[in-house]
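S.K.: I would like the atomic coordinates for the input below:
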Amino acid sequence: MTSIYSIYEDSPVAAAIDENDGLHIAYIYSSGETIRYVFYDTTNDSLGSEEIDSSGESGDSIGSLSIAVDSNNKPHIAWVMSNVYNNDSSVLYIDKTLGDWGSAVTIDYLTGTELFYGIDITIDEDDLPEVVYYKY
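M.R.: All right, here's what the predicted structure looks like:
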């Protein structure tokens, strides 16, 4: 099996298995500033890696992320990003349903002393993403 490398120390890793036993992995890379997506094809033992445009402003840091796969084996990723300089926090979502990663969509935004933590994503029976998270 091929190994995944360059995972940021203590970085969250999220994984989902599709209906063909393919393994979809999302992890935080480069000091918490970038999300990488990896697909491991179990049928031919191959591994591919892509960087997702999750960058924002200077000071942005990704705190947690989650991944789910829909009935068409397409990945959906949600994550929490905080900015230490602006004292804000965002919940973001991106998918690969059209073949390429689209643009990230901001689901929720906070500024001030509250921050978002602990995110999870699932796909409902209509292939629609459902994202849950909490404020702290």
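
S.K.: any idea which helix or strand comes after the helix or strand of the chain with the lowest mean pLDDT?
M.R.: One helix or strand of the chain scores below all others by mean pLDDT, DSSP states H and E: strand 46-52, with a mean of 84. Heading C-terminal from strand 46-52, the first helix or strand you meet, by DSSP states H and E, is strand 60-69.

S.K.: run the angle between the next helix or strand along the chain from that following strand and strand 46-52 for me.
M.R.: Per DSSP H and E, strand 60-69 leads on to strand 75-83 as the next helix or strand towards the C-terminus. Strand 75-83 runs at 40 degrees relative to strand 46-52, counting by axes from the mean of the first three to the mean of the last three CA atoms, to 10 degrees.

S.K.: partners of strand 75-83 in the sheet?
M.R.: strand 60-69 (antiparallel), strand 88-95 (antiparallel) (DSSP bridges).

S.K.: tell me the pLDDT of the residue nearest the centre of the chain.
M.R.: Taking CA atoms, centre = their mean as the criterion, Ile77 is the residue nearest the geometric centre of the chain, at 3.8 Å. If you check Ile77, the pLDDT there is 96.

S.K.: go on, the one 4 residues further on?
M.R.: According to the model's per-residue confidence, Met81 sits at a pLDDT of 91.
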